[in-house]
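K.L.:
Show me how the following folds:
(2 chains)
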Amino acid sequence: DAGVIQSPRHEVTEMGQEVTLRCKPISGHNSLFWYRQTMMRGLELLIYFNNNVPIDDSGMPEDRFSAKMPNASFSTLKIQPSEPRDSAVYFCASKNSGTPYEQYFGPGTRLTVT
Amino acid sequence: AQSVSQHNHHVILSEAASLELGCNYSYGGTVNLFWYVQYPGQHLQLLLKYFSGDPLVKGIKGFEAEFIKSKFSFNLRKPSVQWSDTAEYFCAVNSMDTGRRALTFGSGTRLQVQP
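P.N.:
Sure thing, here's the model as predicted:
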């Protein structure tokens, strides 16, 4: 199994630009999570999906952030427009109902907004 | 709302020293508990987990953790650390009662093992 796949691994962009982060969960997993990691705030849940449906998006910082999961094998996290304070590592994780609450993390996308 | 506290933010040990990292959570109901490790430049990996049963849980690489319900704690231990254990360690909790599938993470403890 390839594990959770995220792309790009690194992204450097200028303030105001649109950023799209991508995630492919482990095949067969029915829940997908987006986390953000910063020095100041640690690991924060942004949003999670169950069976492609957003369940809890209370962690999404503001309207500039949006996430979609059009099918069971793909999700995107979009920031538009991006700001320097969005600089962080964004992790995607997935799980299935057979492993209650045990999540498998992707390698992360390191986003730098200048 | 549930929360997780890791009081040790940065720990420096010499090789062969014993390790104990503290983790306390706030939720009073039924919980699942986890320790994740993040090696430099890598993603989070599951170290060990507690769902039910024996409160002393053994994980990979010689790590263990003990769930003490009365103290709302799930401390991570290792009798003798190695230089390769240098990493950041995260405690996480999930409440069984709310059905919320997401994990709540602590702020992490950065462990530095000196050779």
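
K.L.:
What ranges does the chain have for its strands?
P.N.:
No chain specified, so I'll use chain A. In chain A, the strands defined using DSSP state E lie at A:5-7, A:10-13, A:19-24, A:31-38, A:42-50, A:53-56, A:65-71, A:74-79, A:88-95, A:104-105, A:109-113.

K.L.:
The intended chain is chain B.
P.N.:
According to DSSP E, the strands that chain B contains are B:4-5, B:10-14, B:19-21, B:24-25, B:31-38, B:44-50, B:56-58, B:64-68, B:73-78, B:87-95, B:104-105, B:109-114.

K.L.:
now those strands in JSON lines, with mean neighbour count?
P.N.:
All C-beta spots, glycine's among them, are computed from the backbone N, C-alpha and C. Below are the strands of chain B laid out as JSON lines (neighbours: other C-beta atoms under 10 Å in any protein chain shown):
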{"stretch": "strand B:4-5", "mean neighbour count": "18"}
{"stretch": "strand B:10-14", "mean neighbour count": "13"}
{"stretch": "strand B:19-21", "mean neighbour count": "19"}
{"stretch": "strand B:24-25", "mean neighbour count": "20"}
{"stretch": "strand B:31-38", "mean neighbour count": "22"}
{"stretch": "strand B:44-50", "mean neighbour count": "20"}
{"stretch": "strand B:56-58", "mean neighbour count": "14"}
{"stretch": "strand B:64-68", "mean neighbour count": "18"}
{"stretch": "strand B:73-78", "mean neighbour count": "21"}
{"stretch": "strand B:87-95", "mean neighbour count": "24"}
{"stretch": "strand B:104-105", "mean neighbour count": "22"}
{"stretch": "strand B:109-114", "mean neighbour count": "16"}
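
K.L.:
Name the stretch from those where average model confidence is lowest.
P.N.:
The minimum mean pLDDT among the strands of chain B belongs to strand B:104-105 (a mean of 88).

K.L.:
does chain A sit close to that one?
P.N.:
Yes. Using C-beta under 8 Å from any C-beta of the partner chain, strand B:104-105 reaches chain A at B:104-105.

K.L.:
What parts of chain B come near chain A?
P.N.:
So far as C-beta under 8 Å from any C-beta goes, chain B lies against chain A at B:32, B:34, B:36, B:42-46, B:49, B:51, B:90, B:94, B:100-108.
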